[in-house]
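Participant: Next one to model:
(one chain, ligands or ions: 1)
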Amino acid sequence: MSPAAPDKPANLEELLRFYAEAGHDEALTEEPINRFAKPARAATEGKAQPKRAGTPPLPSPGAPPPGQRVTVPAPPAPTTVPDEQQAMRARALAREAKTIEELYEALAGFDGCNLKVTAKNLVFADGNPQARIMLVGEAPGRDEDIQGLPFVGRSGQLLDRMLAAIGLDRTSAYISNVIPWRPPGNRDPSPLETEICRPFIERHIELVAPKVLVTLGNPSTKLLLGTQTGIMRMRGKWAEHETAGGAKIATMPTLHPAYLLRNPAHKKLAWRDFLEVKMRLNAPD
Ligand code: URA
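Facilitator: Residues are numbered from 1 along each chain as shown. Model (predicted):
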């Protein structure tokens, strides 16, 4: 499809429909931002301005009187292009965090992941960090981005019911995601974006040190268990997540609640996995 001319209402409607179908369902700001445009200052900085011989330059309308200092507005923050250096920075920052609060501060101040630019909020965690169980999903969706909390949309409501079925809620469980910023339009995070976010979730798990870790769905299972095997073969079997410090955490991979909403016939599989989790939590340490 060729891009529509924005001045033609009929094409504009078609263009909006195209965006909606592609998952771009929300305007991030009131006005469009051209992130590829050169900042006003950069366009003229360092370049010799052409002079007209003999005539002083004409002041443009609204220009300050000669000699008065002008404050040039800062150019918009450049979009961060993720690279391996950002992954290195993330690893160093995450390693330095000695508490969950420090990790939160480190992540909130980290600007090395482009997903932060389009997200409304950092989605760090919800629940009780002292809990014996930690559940990790993939990435926040629209509702989570708005509220700044993981699993608060439809799949979160299902997750709450699954937890309730084994006698847990958000006062006795702790919930987070591999990716702490909503990818625009809910697209899949790129491998590099995931690599940049990985040290933070790994450190997060290490600091919480739960008795049981539950990975929800494929991306979180593959990342935290270091496997390429799909969730359908991994689910229901105990595995171990090894922290950077060498601790081994019993891990139950299970189906993601969003998948269960689309495939309710598979809820019985997740139910079995959660019963396993309940037994493990009740077993003596
Ligand atoms: N899906 C996820 O993986 N995480 C959320 O927080 C919400 C939906």
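Participant: Enumerate the residues of the stretch 151-285 of the chain near the ligand.
Facilitator: Those residues of the stretch 151-285 of the chain that sit near the ligand, judged by C-beta under 6 Å from any ligand atom, are 151, 153, 155-156, 177, 258. All C-beta spots, glycine's among them, are computed from the backbone N, C-alpha and C.
Participant: Please indicate which of these are buried?
Facilitator: 151, 153, 155-156, 177, 258 (16 or more other C-beta atoms under 10 Å).
Participant: So Glu240, which state does it fall into?
Facilitator: Following DSSP: H, G, I helix; E, B strand; the rest coil, Glu240 is assigned to strand.
Participant: What distance do you get for the residue lying closest to it once chain neighbours are set aside to Glu102?
Facilitator: Excluding its sequence neighbours, the residue lying closest to Glu240 (C-beta to C-beta, 6 or more residues apart in numbering) is Lys248, at 4.5 Å. Here Lys248 is placed at a distance of 24 Å from Glu102 (C-beta to C-beta, to the nearest Å).
Participant: For those two, indicate the residue with more neighbours.
Facilitator: Glu102 (15 against 10; other C-beta atoms under 10 Å).
Participant: ok, the more buried one - contacts?
Facilitator: Residues in contact with Glu102 (C-beta atoms under 8 Å, 6 or more residues apart in numbering) are Glu96.
Participant: how close does it sit to Cys113?
Facilitator: As judged by C-beta to C-beta, Glu102 and Cys113 stand 18 Å apart.
Participant: Tell me, how many residues neighbour the nearest residue to Lys222 once chain neighbours are set aside?
Facilitator: Once flanking residues are discounted, Lys222 sits nearest to Gln228: 6.6 Å by C-beta to C-beta, 6+ apart. Gln228 has 6 neighbouring residues, counting by other C-beta under 10 Å.
Participant: What helix or strand is Leu269 located in?
Facilitator: helix 267-282 (DSSP states H and E).
Participant: max-length strand in this structure?
Facilitator: Assignment by DSSP state E gives strand 248-254 as the longest strand of the chain.
Participant: angle of that one against helix 267-282?
Facilitator: Angle of strand 248-254 versus helix 267-282, following axes from the mean of the first three to the mean of the last three C-alpha atoms, to 10 degrees, is 160 degrees.
Participant: ok now the next helix or strand after strand 248-254, how far from the chain's centre?
Facilitator: Moving toward the C-terminus from strand 248-254, the first helix or strand encountered (DSSP H and E) is helix 257-262. With C-alpha atoms, centre = their mean, to the nearest Å as the basis, helix 257-262 stands 20 Å off its chain's centre.
Participant: ok, now stretch 111-119?
Facilitator: On the basis of C-alpha atoms, centre = their mean, stretch 111-119 sits 8 Å off its chain's mean C-alpha point.
Participant: Could I get the buried residue list for it?
Facilitator: Buried-residue list, stretch 111-119, by 16+ other C-beta under 10 Å: 112-117, 119.
Participant: likewise stretch 202-220?
Facilitator: Using 16+ other C-beta under 10 Å as the test for burial, stretch 202-220 gives 202-208, 210, 212-220.
Participant: Helices of the stretch 1-150 of the chain, residue ranges please.
Facilitator: Secondary structure of the stretch 1-150 of the chain by DSSP state H, counting those that start in this stretch: the helices cover 9-21, 40-44, 84-96, 100-109, 115-118, 142-147.
Participant: Run through who's touching the third one.
Facilitator: Identification of contacts with helix 84-96 by C-beta under 8 Å, 6+ apart yields 80, 102-103, 106-107, 110, 112-113, 192, 195-200, 202-203, 244.
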